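Peer 1: Here's a sequence, model it:
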Amino acid sequence: MSVHARERRSTPARIARPIALHTIVIVIGVFVIVPIVYGILGGFKDNPQLANNPIGLPAPWVPENYTNVLASSDFWRQVFNSSLIALSTALVTVGVSALAAFVFARFAFRGRELLFTIFAAGLMFPFAVAILPLFIILRFFGLLNNPLGVILPQAAFGLALTIIILRSFFRSIPHEVEEAAILDGCSPFGFFWRILLPMARPALATVSVLAVVNSWNNFFLPLVVFNDKVWWTLPVGVQQFSGQYSADTAKILAYVVLAMIPALAFYAVAERQLIGGLTAGATKG
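Peer 2: Numbers count the residues shown, from 1 in each chain. Next up is the predicted model:
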């Protein structure tokens, strides 16, 4: 078979593949966007409109569903609580994991791989399995109705994945860089703080975004730890609001949409760092 004949046969395949990929992306995008659009428009309707015209545009528009939520002090308190807990969780998770990953990546000692395997094994255990002993421990230390009762367990469960990602990146840094730093009088911790961390900014940004998003979306642990509504986070607030206004679907949709906005805005800002960090880890690890 000639080269030109093979090229003619392969041309339809080259054309069909991008079309198939674009079709799949469009279908997935529709499944993601349609519920969001429905929720946004539903928040501008009243309940009779939702019953009679669930898909069409609001007629008339009812912005009071959104303005009433925005005027609520409970909503803004929950935004603050979620932000405080998410940022604190990310700080603790990334700080501890960076130190541990530095030791696993740059120091050779007996039992290193076994200890690292134990950390990696933590990925196999779902969070719900540990909720009962965790609740007993938090009650023993008086951390119920305390933000530390959510921050510390979230950070502990986030260590495994964070250490794996950072260790892979730290190991990609050439040893010649460390040797040059030591010759210049840099201590191991000085190399970690002054050289390694600045070089690992993409990986640090990646694990920070993952920690913030996981904490922001966590519903089960805040529900168990916080009995006082003063410390409710947004996921818990959405659930309680849905129960309180179970007959007012339009108001619930407005509350859910507004609760999504901070997380979506954060992810939109951090998306480039997240993808760039994962790509850097995949190519360097």
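Peer 1: I'd like the next helix or strand past the helix or strand where F104 lies.
Peer 2: Using DSSP states H and E, F104 sits in helix 73-106. Next along the chain after helix 73-106, taking DSSP H and E as the criterion, comes helix 112-121.
Peer 1: As PDB, could you dump the C-alpha coordinates of that following helix?
Peer 2: C-alpha atoms of helix 112-121 as PDB (Å, rounded to 0.1, in the frame of the first residue of the first chain):
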ATOM      1  CA  ARG A 112      11.500   5.600  55.300                       C
ATOM      2  CA  GLU A 113       9.600   3.800  52.600                       C
ATOM      3  CA  LEU A 114       7.500   1.800  55.100                       C
ATOM      4  CA  LEU A 115       6.500   5.000  56.900                       C
ATOM      5  CA  PHE A 116       5.700   6.600  53.600                       C
ATOM      6  CA  THR A 117       3.600   3.600  52.700                       C
ATOM      7  CA  ILE A 118       1.700   4.000  56.000                       C
ATOM      8  CA  PHE A 119       0.900   7.600  55.100                       C
ATOM      9  CA  ALA A 120      -0.200   6.600  51.600                       C
ATOM     10  CA  ALA A 121      -2.400   3.900  53.000                       C
END
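Peer 1: how close does N47 sit to S215?
Peer 2: Going from N47 to S215 by Cβ to Cβ, to the nearest Å gives 34 Å. (Each C-beta comes from the backbone N, C-alpha and C, glycine too.)
Peer 1: hmm, I was thinking of V32
Peer 2: From V32 over to S215 (counting by Cβ to Cβ), the distance is 22 Å.
Peer 1: Looking at those two, which is more packed in?
Peer 2: S215 (25 against 9; other Cβ atoms under 10 Å).
Peer 1: Can you give me the neighbour number for I36?
Peer 2: Applying other Cβ under 10 Å, we find 12 residues neighbouring I36.
Peer 1: Need the per-residue pLDDT for V94.
Peer 2: At V94, the pLDDT value in this model is 94.
Peer 1: which residue ranges form the helices in this protein?
Peer 2: With DSSP state H, the ranges of helices along the chain come out as 3-43, 47-52, 64-70, 73-106, 112-121, 131-140, 148-171, 175-183, 188-191, 197-199, 201-217, 220-225, 234-244, 249-284.
Peer 1: can you redo these as JSON lines with distance to P58?
Peer 2: JSON lines is the format used below for these (distance: least, Cβ to Cβ, whole Å):
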{"stretch": "helix 3-43", "distance to P58": "6"}
{"stretch": "helix 47-52", "distance to P58": "6"}
{"stretch": "helix 64-70", "distance to P58": "10"}
{"stretch": "helix 73-106", "distance to P58": "22"}
{"stretch": "helix 112-121", "distance to P58": "50"}
{"stretch": "helix 131-140", "distance to P58": "41"}
{"stretch": "helix 148-171", "distance to P58": "37"}
{"stretch": "helix 175-183", "distance to P58": "60"}
{"stretch": "helix 188-191", "distance to P58": "59"}
{"stretch": "helix 197-199", "distance to P58": "50"}
{"stretch": "helix 201-217", "distance to P58": "29"}
{"stretch": "helix 220-225", "distance to P58": "33"}
{"stretch": "helix 234-244", "distance to P58": "21"}
{"stretch": "helix 249-284", "distance to P58": "9"}
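Peer 1: rank these by pLDDT, which is bottom?
Peer 2: Across these, helix 249-284 gives the lowest mean pLDDT, at a mean of 74.
Peer 1: Quick check: Y66 vs I55, distance?
Peer 2: Using Cβ to Cβ, Y66 is found at 20 Å from I55.
Peer 1: Many thanks, have a good one.
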